[in-house]
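**Q** Need coordinates for the below:
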Amino acid sequence: MKRIVVAFVCFLFVVPAFSEIVAREDIVKSAGDTSSYRYLLLPNELQVLLISDKNADKAAASLDVFVGSSSDPVARQGLAHFLEHMLFLGTDRYPEPDEYQAFISEHGGRHNAYTSFEHTNYFFDINPASFESALDRFSRFFVAPLFNAEYVEREKNAVHSEYKARIKNDYRRQMDVFSQVVNPEHPASKFSVGNLDTLEDRDGKLRQDLLAFYKAHYSANRMALVVLAPSSLDELQAMVLERFQEVPNFNTDKPVHGQPLFAQGSLPLLVTMQPVRELRELSLTFPMPAMHEFDRQKPLAYLANLIGHEGKGSLLEVLKSRGLAEGLRAGEGIADRSGSSFDVTIALTPAGFEQWREVLSLVYREIDLVRQRGIAQWRFEEQGALADQQFRFKELSDPINRVSGLAASLHEYPYEDVMRGPYRMDQYDESLLQRILGYLSPDNAMVMLMAPDVDTARVTEKYQVPYGVTRVPALPDSVVAQKQLSLPEANPFVPKNFDLLLPEKAAEPGLPALLETRPYYRLWHYADNYYQVPKAQLYVAIRGVGDGGVAQAAMTDLYVRLVEETLNETSYEAALAGLRYGVNRRDDGVGLLFSGFDDKLPLLVNVVTEGLLKPDMSAELIERLRQELIRRWRNAAKDTPYLQLMREPGYLLDINAWQPSRLAEALEAFSPEAFQQFVDGLYRGVFLEVFASGNIDSQSAGEMAASLAARIASGESKPWPERGITRVLPGTKMQVPMAIDHKDAGILRYYQGRSDSVEETARFLFLRQLIKAPFFHDLRTQQQLGYVVAAVDQGLDRVPGFGLMVQSPVAGVPALEVAIDKFLEDFTGVVNALSADEFERHRAAILTGLREKPKSLAEQSARYWGSVDLRDYDFSRRQQIIAAIEKMTLPQVVEIYGLIMREAG
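**A** Numbering: from 1, shown residues only. Sure, this is the predicted structure:
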């Protein structure tokens, strides 16, 4: 074991005036939530939320510190982010830099952290039996981190690698330009990520700066902890008190900088910038005072619902009808305790870019319409009622996501409303809405125009983005188009009936049953009495569409976009009411998913089926969407290297997967006549595989399936396109060079299973479990080869596989190959030396993941549909894999490691 010099920092801290623990259990939760909750305020003023969930098969914890990149010193930008990295690299009790990560991994868990503008959030999940030990390790981050000098020097390279890995990310580049035009005294003007320049160890003071930042901001009174486990509340409280009362309280205030987002007199402003991708976008930022006090009025959410609406007469619908826009979003932008902004962003067509002033004028006309006729109590009440419905019937997410989100929310809402707060909208304030609309004026706007061919005169330093700054020109009068704008009517999809068909809760979810087999369809059904929500899902695979070739795959994608555009206005209304649909191209045809409150699900199915059969086939829309798809597929070549690497095995090995460039070429050779012929015969001879799940009885399921088949399927059945995976023969090695326009080098070493058996799947699960933490520690933490280092799960169809992936700004592909080979060679000794206890820990970690139950009806339905889709018709494959893991022996793992590393391609 490597010798670590333990040199942790002891901080003197102030004990608050009170010494008793405040405990409350009056926390509002959704109707189906069976967890127990307790809020604590510890003597050191650290907020705690305890969650006892008897059904949880993972335990989890998150601690959110109210400090983020906005608090970075001007002379040390990126410090908050850098400190987040450093906390993982050793504490007083656990000095080894990989100890925490290895422990979490070996006990079936995950961990991560993020730094945002005002928050730094740390979180993990793990096998419940190991939770207390993990919590002990986690707690020391906030009591006695080492900030070991050796790793201070090393880890800044990881931060720099993260910066370099995303240097061509258009969102980051946009924020880089934004930082150049905002008030230079505002924190948004700073560089939040950090790199080797901003984290340079000037005069040997980098570690000293870290310690100073930690002491200034990592104070118990600015921390919120959430823990979740199947343990009782009293047991969880004992775990927390033993470990987190020791967190020092420096009694520091939450940071409030008090600076306006834009300097006085600097607006209105037009900013132009050139993206890496072929994108055309118009965005407006309206600065205004802070909105965090109005969490029950939610004025920006109200206005976003009107301005961002996509129904008939909406701003987006009018822009689309004129061929000027592809999409629109509206809502709160940058926000902190000192101010907020309201942002409107429009994805432009090429024609929209040419007429961007007309588009901008229409945005202002829409705001005028909302100001004149949009403020109405009935609208607010409808929106509030829909939000309340979402909360009442909210389904639980994974423990790790629950704790992370709630830890951040404890800083934003009263403890009793920590879960309801984001949905609570029950205080109508007309004067507040009108006051905020006053800030949505042309004189208070920063307008950003992003396109490949805008005029620019400047270049940013960090991301080298060409941009320009000028005044907004005079805008045309959009009187004609303005007459087309209207406000939304009452929503027809609002559900009324929330009755449960099976109100008695079952101890475990049941299994789907094959309900009907007909000439044109087969129906599977799962009537839920476990999750007990008035919701349902309907999955449909329309098999037999197309011939499996690239031309018909591209035409299917174009057809799918036509359906989406045809249904956009209606589906947006449905989505607001908690109903959603999806349509996508599958290897063997077209896939559909309907999901949401079962009361209105038949209405949604009927509307979508009509759109499938009668999509808008206007030449103008077809051409706009064809060009949109071609741009999207061409832009895929500009993704960061690791994303392109991860996609490549699927393109190479899945016989029905096509590289985006091939799809683009197919649509570039487009024939309108051939497309019309393709659509006319699209559903001739198809077969429907249908799965109905949730609060839906067999009669309703049968009626929907029969109606779908009767309306969609026609003609004699034809063979389905073949599905399958290309097999790489044992001992065969395929090398696939990829030319990617990025300064980083990247490599993915992919290992494919030799069969699709459950035994082979179990072997690959074991291999990845053994390798993932040591691979990360060696190539990233120790060698500092790059920010992106991972052993990734990449099974295809039922054939297992995993990849060893590195993206590096400091080493070329040959050096990365050598590094991976060296790791695998050295790791042979580790595998050969595995003790029985270590082997059992890894087995338990894998079983924890496999035994994890779905947390919601939607997740359970997706798992069942996945079984149907993979031809696991008795829904037993997961249990068979569990049995194979339970039977596996240490000698078998040693043997398979040698075989896979030697023979697999």
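
**Q** I'd like to know which helix or strand in the protein has the lowest mean pLDDT.
**A** Ranked by mean pLDDT, DSSP states H and E, the weakest helix or strand in the chain is helix 479-482, scoring a mean of 68.

**Q** That helix: what's the following helix or strand?
**A** strand 513-517 (DSSP states H and E).

**Q** Format the CA atom coordinates belonging to the following helix or strand past that next one as CSV.
**A** Proceeding N to C from strand 513-517, the next assigned helix or strand is strand 521-527, under DSSP H and E. Listed next in CSV are the C-alpha coordinates belonging to strand 521-527 (Å, rounded to 0.1, in the frame of the first residue of the first chain):
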residue,chain,number,x,y,z
TYR,A,521,-51.5,-7.9,-33.1
ARG,A,522,-50.5,-9.5,-29.9
LEU,A,523,-51.5,-7.9,-26.5
TRP,A,524,-49.6,-8.2,-23.2
HIS,A,525,-51.2,-6.8,-20.1
TYR,A,526,-50.1,-5.9,-16.6
ALA,A,527,-52.9,-4.6,-14.2
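
**Q** Can you pull out the low-pLDDT segments for this protein?
**A** In the predicted model, the chain carries pLDDT under 70 at residues 1-19, 478-481, 719-722, 729-731, 902-905.

**Q** Now do the buried residues in the biggest helix by length in it.
**A** Once the chain is assigned using DSSP state H, the helix that runs over the most residues is helix 550-576. By neighbour count with 16 or more other CB atoms under 10 Å, helix 550-576 contains the buried residues 551-574, 576. C-beta coordinates here come from the backbone N, C-alpha and C atoms, glycine included.

**Q** where exactly do the strands run in the stretch 551-700 of the chain?
**A** With strands called from DSSP state E, counting those that start in this stretch, the stretch 551-700 of the chain shows them at 579-586, 589-597, 687-694.

**Q** Just checking: what are the partner strands of the last one?
**A** When pairing is defined by DSSP bridges, strand 687-694 lines up against strand 521-527 (parallel), strand 535-543 (antiparallel).

**Q** Out of those, which is closest to Leu362?
**A** strand 535-543 (37.1 Å; CB to CB).

**Q** Who are the packing partners of the longest helix of the chain?
**A** Applying 3 or more CB pairs under 8 Å, 6 or more residues apart in numbering; DSSP states H and E, one finds that helix 550-576 contacts helix 315-321, strand 579-586, strand 589-597, helix 601-613, helix 619-635, helix 660-668, helix 672-680.

**Q** burial measure for the nearest residue to Pro350 once chain neighbours are set aside, as a count.
**A** In this structure, Pro350 finds its nearest non-sequential neighbour in Arg280, 6.7 Å apart by CB to CB, 6 or more residues apart in numbering. Residue neighbour count, defined by other CB atoms under 10 Å, stands at 24 for Arg280.

**Q** pretty sure Arg280 is touching Ala347, no?
**A** Yes - when contacts are counted by CB atoms under 8 Å, Arg280 is listed as touching Ala347 (7.2 Å).

**Q** tell me the domain boundaries of the protein?
**A** As given by automatic domain parsing, the domain ranges for the chain are 22-244, 269-399+409-482, 513-712, 745-903.

**Q** From one end of stretch 438-454 to the other, what's the distance?
**A** 30 Å (CA to CA, to the nearest Å).

**Q** quick one: contacts of that stretch?
**A** Residues outside stretch 438-454 that contact it (CB atoms under 8 Å, 6 or more residues apart in numbering) are 170, 174, 177-178, 181, 262, 267-275, 278-288, 303, 342, 348, 353, 356, 360, 364, 367, 371, 468, 472, 475.

**Q** Just the ones in strands from those residues, please.
**A** Judged by DSSP state E, the contacts of stretch 438-454 include 269-273, 281-288, 342, 348, 468 as members of strands.

**Q** just those now: which is nearest Tyr873?
**A** Glu281 (46.5 Å).

**Q** Who are the contact partners of that closest one?
**A** Contacts of Glu281 (CB under 8 Å, 6+ apart): Pro275, Thr345, Ile346, Ala347, Leu348, Met448, Leu449, Met450, Ala451.

**Q** Now for those: which two are most distant?
**A** The span of those, defined through CB to CB, is set by Pro275 and Ile346 at 14.7 Å.

**Q** circling back to that earlier point, deepest-packed of the strands of the stretch 551-700 of the chain, please.
**A** strand 687-694 (a mean of 24; mean count of other CB atoms under 10 Å).

**Q** so how far is that one off the chain centroid?
**A** With CA atoms, centre = their mean, to the nearest Å as the basis, strand 687-694 stands 27 Å off its chain's centre.

**Q** now swap in stretch 362-379 and tell me
**A** From the chain centre to the centre of stretch 362-379 is a distance of 32 Å (CA atoms, centre = their mean).

**Q** Any buried residues in it, and which?
**A** Going by 16+ other CB under 10 Å, stretch 362-379 has these buried residues: 362-371, 374-375, 379.

**Q** Format these as TSV; extra columns: distance to Lys483.
**A** Formatted as TSV, these follow (distance: CB to CB, whole Å):
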residue	distance to Lys483
Leu362	11
Val363	16
Tyr364	15
Arg365	10
Glu366	12
Ile367	16
Asp368	13
Leu369	11
Val370	16
Arg371	17
Gly374	16
Ile375	21
Arg379	22
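
**Q** ok, back up a step: out of the strands paired with strand 687-694, flag the one nearest Ser338.
**A** Nearest to Ser338, of the strands paired with strand 687-694 and by CB to CB, is strand 535-543 at 40.3 Å.

**Q** by how many degrees do the closest one and strand 579-586 diverge?
**A** 20 degrees (axes from the mean of the first three to the mean of the last three CA atoms, to 10 degrees).

**Q** before we move on, back to that, mind giving me JSON lines with the helices and strands packed on helix 550-576 and columns for distance to Arg392?
**A** Shown next, in JSON lines, are those (distance: least, CB to CB, whole Å):
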{"stretch": "helix 315-321", "distance to Arg392": "29"}
{"stretch": "strand 579-586", "distance to Arg392": "16"}
{"stretch": "strand 589-597", "distance to Arg392": "11"}
{"stretch": "helix 601-613", "distance to Arg392": "18"}
{"stretch": "helix 619-635", "distance to Arg392": "38"}
{"stretch": "helix 660-668", "distance to Arg392": "42"}
{"stretch": "helix 672-680", "distance to Arg392": "42"}
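
**Q** so where do the helices sit in the stretch 251-400 of the chain?
**A** 299-307, 315-321, 350-354, 356-369, 377-392, 399-409 (DSSP state H, counting those that start in this stretch).

**Q** Kindly report the same for the stretch 1-150 of the chain.
**A** 79-86, 99-106, 131-139, 149-165.

**Q** Figure out which of the ones you listed is closest to His842.
**A** Of the helices of the stretch 1-150 of the chain, nearest to His842 by CB to CB is helix 99-106, at 6.2 Å.

**Q** hang on, the earlier thing: settle it for me: which of Pro275 and Ile346 has more neighbours?
**A** Ranked by neighbour count (other CB under 10 Å), Pro275 and Ile346 place Ile346 first, with 26 against 21.

**Q** next one: phi and psi at Thr889?
**A** Torsion angles at Thr889 (phi, psi; degrees, to the nearest 10) stand at phi -110, psi 160.

**Q** Could you give the number of residues near it?
**A** 9.

**Q** that older thread, could I get the domains of the chain as a markdown table with distance to Phe498?
**A** Shown next, in a markdown table, are the domains of the chain (distance: least, CB to CB, whole Å):
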| stretch | distance to Phe498 |
| --- | --- |
| domain 22-244 | 9 |
| domain 269-399+409-482 | 7 |
| domain 513-712 | 4 |
| domain 745-903 | 14 |
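
**Q** Tell me which of the ones you listed lies nearest to Met734.
**A** Short answer: domain 513-712, nearest of the domains of the chain by CB to CB, at 7.3 Å.

**Q** before we move on, the earlier item: got a winner among the ones in strands among the contacts of stretch 438-454 for most neighbours?
**A** Phe342 (27 neighbours).

**Q** So it is in contact with Gly333, correct?
**A** Yes - the criterion here is CB under 8 Å, and Phe342 meets it with Gly333 at 6.6 Å.
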